[in-house]
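Trainee: sequence and predicted model, in that order:
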Amino acid sequence: MSDRLRGKVAIVSGAARGMGAATCRRFVEQGARVLVTDVVEEEGELLAKELGASAAFARLDVAREADWTRVVEDATARFGKVDVLVNNAGVLRAVPLPNMTEEIYREVIDVNQIGVFLGMKAVVGAMVAAGGGSIVNISSIDGHQGTPTLVAYVAAKYAVRGMTRVAALELARAGIRVNTVCPGATRTRMMDCPDMAGIDIEGLSARMAPLGRIGEAHEIADAALFLASDESSYITGTDIVVDGGAISGVGVEMFSQVPS
Ligand SMILES: NC(=O)c1ccc[n+]([C@@H]2O[C@H](COP(=O)([O-])OP(=O)(O)OC[C@H]3O[C@@H](n4cnc5c(N)ncnc54)[C@H](O)[C@@H]3O)[C@@H](O)[C@H]2O)c1
């Protein structure tokens, strides 16, 4: 199937790398036109070039409302409308609570939480004009559980799930659906975060996820694709967890020791 998003126009934030880039690739493969946006300009431009006439790049710092206004205008001017927003941009800082500075905390909240709020707010007018739309917010399994050292990240990812529910309720009658994708550990540059240097993320993921391995960016993109497409037309205000079973798998190690 190659037309699951035929005729749709999407904006993807944090799209130069990782899951955002994988999402842009999937969306274009499936017939969408995509505005690739990021603060990383060179890689974003290269991706848009690789994707051809169905894509363009625009600089977007998700924490700046003026950037969002410009990007929505840009998408509408280039492609005629906006049907889909994937609020994907994110940063990770892993710092134990006593050492967490207000500056780092605010930096994580600015991008991961305020960025999602500003993105949703910015696209509503264009989506109403298009007759409806789909907003996909990338939260995390850290929006479902506490994780040591991630006080700011966890707070932001819980907030994304909460905001998603509010937006879903407010926007349903306008035909705008709002959902989250909650990835578990996924192989992207985020996993190379200097705060986590030396940690064997792949090995730990293999043990923690019942499916026995780390996730791949295209597996997150596939969930975003489903939520962006009309295949999910009766789904709003909910989460799709894409984590190899990790958050369902508490106790897997202990109980797998029970003799058979
Ligand atoms: N990789 C994982 O294991 C994992 C797990 C759960 C959730 N997530 C979430 O998935 C999303 C994508 O992360 P990823 O793993 O692809 O990471 P990544 O680091 O590969 O990509 C994140 C992108 O966001 C961009 N970005 C950072 N700050 C920005 C800003 N202010 N404005 C616009 N863009 C900005 C970066 O330039 C980068 O291109 C994030 O929201 C992240 O929190 C990742």
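Mentor: That came through, no problem.
Trainee: got the residues of the stretch 51-200 of the chain near the ligand?
Mentor: When proximity is defined by CB under 6 Å from any ligand atom, the stretch 51-200 of the chain lies next to the ligand at 60-63, 88-91, 111, 138, 140, 183, 185-186, 188-191. Using the backbone N, CA and C atoms, a C-beta is placed for each residue, glycine as well.
Trainee: at 5 Å instead, please
Mentor: 61-62, 88-90, 111, 138, 140, 183, 185-186, 188-190 (CB under 5 Å from any ligand atom).
Trainee: pull out the buried members of these.
Mentor: Neighbour-count burial (16 or more other CB atoms under 10 Å) applied to these gives 61-62, 88-90, 111, 138, 140, 183, 185-186, 188, 190.
Trainee: picking that back up, take the residues of the stretch 51-200 of the chain next to the ligand and write them to JSON lines, including distance to L225, pLDDT and secondary structure.
Mentor: Compiled in JSON lines, these are given as follows (distance: CB to CB, whole Å; pLDDT from 0 to 100; DSSP: H, G, I helix; E, B strand; the rest coil):
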{"residue": "D61", "distance to L225": "26", "pLDDT": "99", "secondary structure": "coil"}
{"residue": "V62", "distance to L225": "21", "pLDDT": "98", "secondary structure": "coil"}
{"residue": "N88", "distance to L225": "13", "pLDDT": "98", "secondary structure": "coil"}
{"residue": "A89", "distance to L225": "18", "pLDDT": "98", "secondary structure": "coil"}
{"residue": "G90", "distance to L225": "19", "pLDDT": "98", "secondary structure": "coil"}
{"residue": "V111", "distance to L225": "24", "pLDDT": "98", "secondary structure": "helix"}
{"residue": "I138", "distance to L225": "13", "pLDDT": "99", "secondary structure": "strand"}
{"residue": "S140", "distance to L225": "19", "pLDDT": "98", "secondary structure": "coil"}
{"residue": "P183", "distance to L225": "14", "pLDDT": "98", "secondary structure": "strand"}
{"residue": "A185", "distance to L225": "21", "pLDDT": "95", "secondary structure": "coil"}
{"residue": "T186", "distance to L225": "15", "pLDDT": "97", "secondary structure": "strand"}
{"residue": "T188", "distance to L225": "17", "pLDDT": "95", "secondary structure": "coil"}
{"residue": "R189", "distance to L225": "21", "pLDDT": "93", "secondary structure": "helix"}
{"residue": "M190", "distance to L225": "20", "pLDDT": "92", "secondary structure": "helix"}
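Trainee: dump those to a markdown table, plus distance to V12.
Mentor: Shown next, in a markdown table, are these (distance: CB to CB, whole Å):
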| residue | distance to V12 |
| --- | --- |
| D61 | 15 |
| V62 | 11 |
| N88 | 6 |
| A89 | 9 |
| G90 | 12 |
| V111 | 15 |
| I138 | 10 |
| S140 | 17 |
| P183 | 15 |
| A185 | 21 |
| T186 | 16 |
| T188 | 14 |
| R189 | 16 |
| M190 | 16 |
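Trainee: quick check on the nearest residue to I114 once chain neighbours are set aside: phi, psi?
Mentor: Nearest non-adjacent residue to I114, counting by CB to CB, 6 or more residues apart in numbering: A63, 5.6 Å away. Per-residue torsions, A63: phi -80, psi 0 (degrees, to the nearest 10).
Trainee: A63 contacts Q113, doesn't it?
Mentor: No: between A63 and Q113 there is no contact under CB atoms under 8 Å: 9.5 Å.
Trainee: output the below-cut-off pLDDT ranges for the stretch 151-260 of the chain.
Mentor: 250-256 (pLDDT under 70).
Trainee: how about the strands in it?
Mentor: 176-183, 186-187, 215-216, 239-242 (DSSP state E, counting those that start in this stretch).
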